[in-house]
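A.B. asks: Provided below are the primary sequence and the corresponding predicted coordinates.
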Amino acid sequence: MYWKDTPNIRVEIVKGEPELLVKKEKQGRLTLEFSPKITESQNILNIKETPTRIKVIEITPEHRRIAEILGMDNKLNVPIIA
C-alpha cells in the first residue's frame with residue numbers, strides 16, 4: 001500500500017482495538033475513557049499513527065455497549081473503591 005501523492009513510500013496498515021484508559025484522579029477517583037471516542041455513525045475507524053502507519057479499528061456491538069455505559073462524554077468518573 002502506498003500514498004497516492006508519495007507512491008515511493010510504503011504504508012503499513014494494522015488492525016487495532018479501542019482502548020479503555022483508566023486514569024487516577026484527585027480525591028480517590030478514577031476516570032474511565034474509551035480511546036478513540038466511538039460515535040454512533042462509525043463502524044470502522046482509521047487512525048494515522050505515523051506518516052507510514054494506519055491503524056484500522058472495527059467497532060463491535062461489545063464496544064458500543066461499553067461506550068453506552070461510559071455515557072455521552074465518552075468518560076465515566078467513579079470512586080476508586082468502585
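C.D. replies: Happy to help now that I have it. Numbering: from 1, shown residues only.
A.B. asks: now do the strands in the protein.
C.D. replies: Secondary structure of the chain (DSSP state E): strands at 12-16, 19-25, 29-35, 44-50, 53-58, 75-79.
A.B. asks: just for this protein, where's the confidence low?
C.D. replies: Scanning the chain for pLDDT under 70 picks out 82.
A.B. asks: what's near enough to touch the residue most central in space within it?
C.D. replies: With distances taken as CA atoms, centre = their mean, the residue of the chain nearest its centroid is residue 36 (2.4 Å). Going by CB atoms under 8 Å, 6 or more residues apart in numbering, residue 36 touches 18, 45, 47, 57. Every C-beta, even on glycine, is put in place using the N, C-alpha and C of the backbone.
A.B. asks: just the buried subset of those, written out for ChimeraX, thanks.
C.D. replies: Buried residues among the contacts of residue 36 (16 or more other CB atoms under 10 Å), as a ChimeraX selection:
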select :18,45,57
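A.B. asks: right, I'll leave it there.
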